[in-house]
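Asks: return atomic coordinates for the entry below.
(chains A and B)
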Amino acid sequence: MLHTLAVLVENNPGVLARISGLFARRAYNIYSLTVCQTENPSLSLMTIVVEGDSQVIEQVTKQLHKQVVVHKVSNLTNEAVVDRELALIRVKVRAETRLEVLQTVDVFRGRVVDMGRSNLTIELTGDEDKINAFIRTMRPYGIQELVRTGKIAIARSDN
Amino acid sequence: MSKCKEDIYFARDPEITWEDVEVLSKHTLNGAKVLLDVMAEEGVEIVFGYPGGALLAVYDALLDSPIKHVLPRHEQTAVHAADAYARVSGKVGVCMATSGPGAANMVTGIANAYMDSVPLVIITGQVPTHLLGTDSFQEVDITGMTLPITKHSYLVKNAKDIPRIVKEAFYIAGTGRPGPVLIDLPKNVMAEEVHDPRPPKIALKSYKYFSKGNAGQIEEAAKALAQSKKPVVYAGGGVITSGAEQVLQELIEKANIPVVTTLMGIGSVPAKHPNYLGMVGMHGTITANLAVNDCDLLIAVGVRFDDRVTSGLKHKFATKAKIIHIDIDPAEIGKVVKAHIPIVGDARLVLEDLLQKVTPLEISPWWEQLRAWAKQYPLSYEQDGRLNPQTILKAMGEIGGENAIVCTDVGQHQMWAAQFYPVTGGRKFITSAGLGTMGFGFPAAIGAQFAKPDSLVFLVTGDGSFQMSIQELATTVQYELPIKIILMNNGVLGMVKQLQKMFCNERFSQIQLHANPDFVKVAEAYGVKGLRIESPEQVDVVLKEAIETPGPVLVDCHISPDEIVLPTLPPGKTITDILEGRE
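Replies: Numbers count the residues shown, from 1 in each chain, chains lettered A, B, ... in the order given. Below you'll find the predicted structure:
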């Protein structure tokens, strides 16, 4: 099962290596990893999606806690959260498919951010499922290039 | 100014000149001096180290520091000696080495300390910051290389951070579950002036450790103990680290519980204590293994369910038992086996609380069973007139007395020492348990002797292990360390031979140490007294002579190459598998 961990770490050089190295040497499988600064410039937030059963996740969490650079570890998997990914996709278009693609982008509430003679570059945000669905829809037209971020997540407010 | 090899170093680094060095040595408060001042303030009395180009400033500052420096003959010795110094003294051990090869030579020693949870601060020199990452002379990324084997590490970029970092390093190394902390110091940082050398108060928001155990969990543990008919305490290195030997003894005596120990836990109860069943695991006693296998309550204290104990069979380990797991490291609980009653805390504090709640148990049928096993399966060896290592170890225990410290290397002799040397208390049996580092023993004996200059220190080693650190004979002579080296010489890599005998159908491969030197002559060449034991009759006389001779002595004991360590519980087998197979 996939778990989403939000790990608050010190914003110092070498911290990413420390955390990713921990996953590597303990043979935990990282599904995705994003790192960003937080509102406190001395701290960074790592959103790590990791695969494993509850025992593995418990060990991952405890091992993360042991790192001196780790301030807080929250498991967001069973929490009410808003999570998002961002994808940039360059899709092949011909004169006769252009309109069709643009309509689909509209349905998914994506945006066209660049346009060439024979392709469109689309920006899309959403949860993982939505982005996967969009990619599936675009595949028949021909995807020339695709980049997507890992997941970022934030807990929903109580009220 | 006389030319020396260091010229070459500076020639490669145009920004640092001899002028700089002269200025540097006149500075009253450069990074190097502040480093030593803060260490002295932290109570450091001794540093094991090896100088080099990147550490010139530190070695210069050492000349004016109250800290004593010991110069072994290899950087790996420096770290092992600091490790054993820490284990014997209970303080944080300190070692240092220069950048590049010096630092890299310490890697094994750091891994060794990490595996056995030993508090160390390791200082490494580093190339100047402007050369970092350029593959410059004697540069290695030592913080990167040691990431998985340090509790924490620092690469210092500004000299002003030195006071804080040094203070934090000692705090992190010595508290909670102890471990090695590395400080990598670029050459220019040590030459930089420090305006405020006073370390700030420690403000590590993200570093916490537990001390007292949860009262409710301790209550649960006491209840489980009161209901138990077949309890066993499984004691490890954490008992000794936390100084819980005394309270553990009170607990087992008050409640009348049997105890087994791990290799790291040897000495947590005296070997001759009536409740002690011996070491558990691969080369432990059959009684200890049967007791763990059959118990209904396992009180695991300061242990990590290592595969040398569980045979790598976490689902077949102590299956009839409810498990109480007391450990200061929350990550150890549930890592290998599921604990029914987990207690995170310092072993001594938890056991002190538990002791208050414990009542004497009426478990005589369990004791009868244990005594029957002990009678049926004693630790034994053939007494056939040959020179046996076991005879030597028992005699050492008798002649050496209660206060002797035994350091071992790794191999058969290590297991024989664990089985047959009567260790009387904590911090008196120093061995490379988790990593199993051949070559650890001799450096460890050096560290132990510095920690306890007045104690008798034995090194129990083999001809394989000893030759990995044999150059340290010079160190024992230079510092007049009266270490008694008991060399179990069988001309083979005995433990590997034993494994090949058992698991490779006696197809022996690369285990003969042909061309071994005459160790007595080697010792004498260094100025160390050499003695020899070739028959059992000589054991007492020669051991007495070794102990009575002032200064270091090497005793070359010619034991049989066919001697094996018994019992052996191979990985993947339980004690019942073995006993059933035997019958």
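Asks: average model confidence for stretch A:20-35?
Replies: Averaged over stretch A:20-35, pLDDT sits at 91.
Asks: what's next to it, contact-wise?
Replies: A:2, A:16, A:44-52, A:56, A:59-60, A:63-64, A:67, A:149-152, B:147-148 (CB atoms under 8 Å, 6 or more residues apart in numbering or on different chains). Backbone N, C-alpha and C define where each C-beta goes, glycine included.
Asks: show me what counts as buried in that stretch.
Replies: Residues of stretch A:20-35 classed as buried: A:22-23, A:28, A:32-35 (neighbour count, 16 or more other CB atoms under 10 Å in any protein chain shown).
Asks: could you do stretch A:64-72 as well?
Replies: Under 16+ other CB under 10 Å, the buried positions of stretch A:64-72 are A:64-71.
Asks: with stretch A:112-123 instead?
Replies: Going by neighbour count (16+ other CB under 10 Å), the buried part of stretch A:112-123 is A:119-122.
Asks: centre of the chain to that stretch, how far?
Replies: The chain centre lies 22 Å from the centre of stretch A:112-123; the measure is CA atoms, centre = their mean, to the nearest Å.
Asks: run through who's touching the worst-scoring helix or strand of chain A on mean pLDDT.
Replies: When each helix and strand of chain A is scored by mean pLDDT, DSSP states H and E, strand A:152-155 comes last, with a mean of 90. Strand A:152-155 has contacts (CB under 8 Å, 6+ apart) with A:4, A:6, A:34, A:36, A:47, A:74, A:76, A:79-85.
Asks: those residues: which two are farthest apart?
Replies: Greatest spatial distance among the contacts of strand A:152-155 (CB to CB): A:C36 and A:A80, at 21.2 Å.
Asks: can you pull the residues of chain A lying near chain B?
Replies: Chain A has residues A:10, A:14, A:17-18, A:21-22, A:25, A:55, A:58-59, A:62-63, A:65-66, A:68-71 near chain B, with proximity defined as CB under 8 Å from any CB of the partner chain.
Asks: narrow the residues you listed to those in helices?
Replies: A:17-18, A:21-22, A:25, A:55, A:58-59, A:62-63, A:65-66 (DSSP state H).
Asks: turn the contacts of strand A:152-155 into TSV, including distance to B:E537.
Replies: Conversion of the contacts of strand A:152-155 to TSV gives the following (distance: CB to CB, whole Å):
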residue	distance to B:E537
A:T4	72
A:A6	71
A:T34	73
A:C36	76
A:T47	72
A:S74	70
A:L76	73
A:E79	75
A:A80	80
A:V81	78
A:V82	83
A:D83	78
A:R84	82
A:E85	80
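Asks: buried subset of the residues you listed?
Replies: Using 16+ other CB under 10 Å as the burial test, the contacts of strand A:152-155 include A:4, A:6, A:34, A:47, A:74, A:76, A:81, A:85 as buried.
Asks: poorly predicted segments of chain B, please.
Replies: For chain B, the stretches with pLDDT under 70 are B:1-28, B:581-583.
Asks: no, scratch that, I was asking about chain A
Replies: In chain A (pLDDT under 70), the answer is A:159.
Asks: residue contacts, the residue of it found nearest chain B?
Replies: Chain B sits closest to A:K62 of chain A, with a gap of 3.8 Å, by CB to the nearest CB. Taking CB under 8 Å, 6+ apart, we find A:K62 in contact with B:330-331.
Asks: farthest-separated two in the buried residues of stretch A:64-72?
Replies: Using CB to CB, the pair of these lying farthest apart is A:K66 and A:H71, separated by 12.6 Å.
Asks: what comes up buried for stretch B:501-515?
Replies: If you call a residue buried by 16+ other CB under 10 Å, then stretch B:501-515 has these buried ones: B:511, B:513.
Asks: now render the buried residues of stretch A:20-35 as JSON lines, adding distance to A:I89 and secondary structure.
Replies: Listed next are the buried residues of stretch A:20-35 as JSON lines, based on distance: CB to CB, whole Å; DSSP: H, G, I helix; E, B strand; the rest coil:
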{"residue": "A:L22", "distance to A:I89": "33", "secondary structure": "helix"}
{"residue": "A:F23", "distance to A:I89": "28", "secondary structure": "helix"}
{"residue": "A:Y28", "distance to A:I89": "30", "secondary structure": "coil"}
{"residue": "A:S32", "distance to A:I89": "17", "secondary structure": "strand"}
{"residue": "A:L33", "distance to A:I89": "21", "secondary structure": "strand"}
{"residue": "A:T34", "distance to A:I89": "18", "secondary structure": "strand"}
{"residue": "A:V35", "distance to A:I89": "23", "secondary structure": "strand"}
